[in-house]
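Enquirer: model the following, please.
(2 chains)
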Protein chains: 2
Amino acid sequence: MAYFDAASSAPLHPVARQALLASLDEGWADPARLYREGRKARMLLDAAREAAAEAVGCRADEVVFTSSGTRAVHMGVAGALAGRRRVGRHLIVSSVEHSSVLHSADMHESDGGTVTRVPVNRAGAVDPSGYAAALREDTALAVLQSANHEVGTVQPVAGVAEVCRAAGVPLLVDAAQSLGWGPVEGDWSLLTASAHKWGGPSGVGLLAVRKGVRFAAQGPVDERESGRAPGFENIPAIVAAVASLRAVRAEAAQEAVRLRELTARIRARVPELVADVEVVGDPERRLPGTVTFSCLYVDGEALLHELDQAGFSVSSGSSCTSSTLTPSHVLKAMGVLSEGNVRVSLPAGTAEEDVERFLAVLPGAVAGVREKLGAPAPETAVHAEELVVDSLGRRCPVPVIELAKVFDQVPVGGTVRVLSDDEAARLDIPAWCEMRGQEYVGEEPAERGTAYLVRRVS
Amino acid sequence: MAYFDAASSAPLHPVARQALLASLDEGWADPARLYREGRKARMLLDAAREAAAEAVGCRADEVVFTSSGTRAVHMGVAGALAGRRRVGRHLIVSSVEHSSVLHSADMHESDGGTVTRVPVNRAGAVDPSGYAAALREDTALAVLQSANHEVGTVQPVAGVAEVCRAAGVPLLVDAAQSLGWGPVEGDWSLLTASAHKWGGPSGVGLLAVRKGVRFAAQGPVDERESGRAPGFENIPAIVAAVASLRAVRAEAAQEAVRLRELTARIRARVPELVADVEVVGDPERRLPGTVTFSCLYVDGEALLHELDQAGFSVSSGSSCTSSTLTPSHVLKAMGVLSEGNVRVSLPAGTAEEDVERFLAVLPGAVAGVREKLGAPAPETAVHAEELVVDSLGRRCPVPVIELAKVFDQVPVGGTVRVLSDDEAARLDIPAWCEMRGQEYVGEEPAERGTAYLVRRVS
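Expert: Numbering: from 1, shown residues only, chains lettered A, B, ... in the order given. Take a look at the predicted model:
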């Protein structure tokens, strides 16, 4: 069995386990109390805060512990927006942020605020100029991830921070995917992270707010954690989270090199082993352990199932939309193929043999799914000037498979009109055209669903 | 060493520790994932939810796990208020709720809602008629604790639930102090609790919302926990919380009898051992392990320090105001003495010898504090018709000590005017009068602070 989904949640680091056990006996009491057990709890909490601040690169009194990374984002965004309400209610986010950021932005909008979503290039990266263009007089806050959770692309945080600093706008960096690898570069104002992503326990997030940043915590008043994170502190888990952060940091430089080589191998070999695959995300500026690719004519969930049967745990699309059939907002924003999407994110310590075994198993798994779905094989048939493919009521990847099946039947210059009512088709049909070098003409409303027009150019 | 502050946080139950360890290895993955590790995590979470529902007395799909009891209250109150916003924006709470409830009420008020705070009797209990009188056409929600966290008084939940049900208003019961002892009686609509109060780990709260109760979760959208508790689920802690709830429930009936006898002993013996003590809270309808008393002429913090030195960990006043000098809102609402307040809350398994040792140590500790503060001893002196005591700038319990020192100097019928700028004096001078059988005339604004008038009647 090989677990390749560290970007969702990393297995508990042995140091975290050890620290958790040790502090269960010392850290259960209320740290606000003056008696012996309370003082012990307080000392553990203070020491953890100091160590966390050192790892983040800020002052201890700038760090509060929350109950999750999602909570850190919700509270960080809400608190920073409220703190600068007098400046205005404009929020800037990238279009590929984690759902906790995008849902905070949606809420801000439905509450009367305005939001600009900065686009990304085909590799999933924003450009500082995109943030510069989005900044306004009434911008209260900008948010950017340090690295993307789905495709591993590292964002130009320092450049964006510079642009924001020049405009006097605070930048919140969501460092959930990268804090275990090192501190975030650049002059950020707020930072969030999540312990279970670096091998810490569940139940611990981190919110750093630099001194001088206007911040007004939202929700009912609570005295704990400087009034910024309500509820009884989970000290054993906090101690374990920080101990494991230090441990993974100590191994980070060496492990990054090793994992980067393994993911580079996957990036290079998958397109050789499997036809019609698109590897996505920046090939250079990327997280060491993450690699993502999409397979044409493949249903992502079916492929995950095949791989799970073969002993590999990977994920598909956005971690936060796995319970729905909406295509990943990240892949959509990048304009790349979303069907048959697989994210491999290697936990620290992944064995080379497991990666090789994965590469050995993948081609058969993809072929199996394609066969079940009746994916196209070359075929000669009657040619027509325009063919209509009716895939109404059929889900991704069927519309693209049907398109590919008939495509040879139209002459060069002819068109195929695909009728579909599946949202994913809007993304996947243009992506197929780009991969195949065919012309995507556009879409138009149909009696039912939408008609997507593709012209054969070769 | 004896830890007598279970009402703040109970030491981790051995079963919780064991369950936590076991599920660290099985429950760390994302339960929304379809692969092996995710399915295991999901199974653990589902089983924990079933068991929690059984202990609460509701359906599994009515229970969500939150990151703390405070969060459960914040989210339960906000969600229920929003769900019934069309009915109105009136909220009813008792005046002795936990700060998480009262701060939610304050926020509701500052957001334009209205709040009625139902008073309590001198034992700290509400009366169902108080809720009946508070109910209005536009009442969206009523909140009541199952038992008070500071004085242990059990509230008439079933009666209040009946009154609310008749009016079609949902009742949220904060069961933080009692869920370990048994399910909450009566026809409640929402229920909240906190695992570390019953010996579970930190980081787990519980929110139950009965089917049919209108509820609109507030804050950014998140799919986890039926959309009612954002953030990655802390499954090992949830499993440990539920396992320990079942374990303490199995021992509850027997342990309740044993602890009730020990606290009854404290209730009876403290007034015999220490002069000028008021034992507060209902002598009959009370939590098994909690007993609270206040000592005249004593500074609560100094007494805690003395007791800590002697090896006893107890708390004073409200757990949530320990970092401030404001007198406890609970003691204030009850109209009882707040100075020199001590709450003893025995964890399950407390040894009888430790309670006896506490009773042996207490008189010396109180005497020590009184001596340091120069508490009054009988004395003859010149009598005057009215004496003025200037305790401006002096903190509780100094104003009462100064009052007591000079009181013998005025003849029967004469008055003492105490000048004080400490908020606690407003509560403690009337309480001293009641304990001493003297007449509290009232207060009036003074050039600085407030003048409190006391007439000698015996």
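
Enquirer: whether stretch A:142-162 contacts chain B - can you check?
Expert: No: on the criterion C-beta under 8 Å from any C-beta of the partner chain, stretch A:142-162 is out of touch with chain B, staying 12.2 Å away. C-beta here means a position set from N, CA and C on the backbone, and glycine is covered the same way.

Enquirer: list the buried residues for that stretch?
Expert: In terms of neighbour count (16 or more other C-beta atoms under 10 Å in any protein chain shown), stretch A:142-162 has its buried residues at A:142-157, A:159-162.

Enquirer: surely residue A:97 touches residue A:145?
Expert: Yes: at 5.6 Å, residue A:97 counts as touching residue A:145 under the criterion of C-beta atoms under 8 Å.

Enquirer: tell me what whichever strand or helix holds residue A:251 is packed against?
Expert: Using DSSP states H and E, residue A:251 maps to helix A:235-273. Contacts defined by 3 or more C-beta pairs under 8 Å, 6 or more residues apart in numbering or on different chains; DSSP states H and E place helix A:235-273 against helix A:14-24, helix A:36-56, strand A:277-280, strand A:290-295, helix A:352-373.

Enquirer: quick revisit: and for residue A:97 and residue A:145, which residues touch both?
Expert: Residues touching both residue A:97 and residue A:145 by C-beta atoms under 8 Å, 6 or more residues apart in numbering or on different chains: residue A:174.

Enquirer: spatially, what comes nearest to residue A:245 if we skip its sequence neighbours?
Expert: Distance criterion C-beta to C-beta, 6 or more residues apart in numbering or on different chains; nearest residue to residue A:245, sequence neighbours excluded, is residue A:55 at 5.2 Å.

Enquirer: state the distance from the one you found to chain B.
Expert: Going from residue A:55 to chain B by C-beta to the nearest C-beta, to the nearest Å gives 20 Å.

Enquirer: ok, now residue A:344?
Expert: 12 Å.

Enquirer: and the contacts of the helix or strand harbouring that residue?
Expert: Element membership for residue A:344, per DSSP H and E: strand A:341-345. Strand A:341-345 is contacted from outside by A:4-8, A:150-152, A:263, A:266, A:287, A:289-295, A:300, A:303-304, A:307, A:314-317, A:328, A:331, A:358, using C-beta under 8 Å, 6+ apart.

Enquirer: which members of the buried residues of stretch A:142-162 are positioned in strands?
Expert: Judged by DSSP state E, strands contain the following of the buried residues of stretch A:142-162: A:142, A:143, A:144, A:145.

Enquirer: just checking, what packs against the lowest-mean-pLDDT helix or strand in chain A?
Expert: Using mean pLDDT, DSSP states H and E, strand A:386-390 stands out as the lowest-scoring helix or strand of chain A, at a mean of 87. If you count contacts as 3+ C-beta pairs under 8 Å, 6+ apart, strand A:386-390 packs onto helix A:398-407, strand A:415-420.

Enquirer: and it, which strands flank it?
Expert: Partner strands and pairing direction for strand A:386-390 (DSSP bridges) are strand A:415-420 (parallel).

Enquirer: quick one: secondary structure of residue A:184?
Expert: Following DSSP: H, G, I helix; E, B strand; the rest coil, the label given to residue A:184 is coil.

Enquirer: which residue is the nearest non-sequential neighbour of the residue positioned nearest the centre of chain A?
Expert: By C-alpha atoms, centre = their mean, chain A has its centre lying nearest to residue A:149, at 2.3 Å. With C-beta to C-beta, 6+ apart as the criterion, residue A:149 has its nearest non-adjacent residue at 5.1 Å, and that residue is residue A:177.

Enquirer: mind listing the helices in the stretch 1-150 of chain A by residue range?
Expert: Counting by DSSP state H, counting those that start in this stretch, residue ranges of the helices within the stretch 1-150 of chain A are A:14-24, A:36-56, A:69-83, A:99-110, A:128-134.

Enquirer: measure the closest residue to residue A:276 other than its chain neighbours to residue A:343 for me?
Expert: By the measure of C-beta to C-beta, 6+ apart, the closest residue to residue A:276 outside its immediate chain neighbours is residue A:296, 3.8 Å from it. Relative to residue A:343, residue A:296 is positioned 17 Å away (C-beta to C-beta, to the nearest Å).

Enquirer: likewise for residue A:195?
Expert: Distance from residue A:195 to residue A:343, by C-beta to C-beta: 21 Å.

Enquirer: circling back to that earlier point, and the helices of the stretch 1-150 of chain A, which is most packed in?
Expert: helix A:69-83 (a mean of 26; mean count of other C-beta atoms under 10 Å in any protein chain shown).

Enquirer: any bit of it sitting next to chain B?
Expert: Yes: if you take C-beta under 8 Å from any C-beta as the test, helix A:69-83 does meet chain B, through A:69, A:70, A:71, A:74.

Enquirer: so which elements touch that helix?
Expert: Using 3+ C-beta pairs under 8 Å, 6+ apart: helix A:69-83 touches helix A:99-110, strand A:139-145, strand A:171-174, strand A:190-194, strand A:205-209.

Enquirer: what separation is there between residue A:122 and residue A:455?
Expert: Counting by C-beta to C-beta - residue A:122 and residue A:455 are separated by 22 Å.

Enquirer: and what of residue A:233?
Expert: On the measure of C-beta to C-beta, residue A:233 and residue A:455 end up 62 Å apart.

Enquirer: so which of those two has more stuff around it?
Expert: residue A:233 (25 against 16; other C-beta atoms under 10 Å in any protein chain shown).

Enquirer: the more buried one touches residue A:65, doesn't it?
Expert: Yes: under the criterion of C-beta under 8 Å, residue A:233 makes contact with residue A:65 at 6.7 Å.

Enquirer: picking up where we left off before, buried sites along the helix holding residue A:251?
Expert: A:235-245, A:247-249, A:252, A:255-256, A:258-260, A:262-263, A:266-267, A:270.

Enquirer: give the full set of residues in contact with residue A:158.
Expert: Residues counted as contacts of residue A:158 (C-beta under 8 Å, 6+ apart) are A:185, A:186, A:187.

Enquirer: hmm, I was thinking of residue A:449
Expert: With contact set as C-beta under 8 Å, 6+ apart, residue A:449 has these partners: A:392, A:419, A:420, A:421, A:422.
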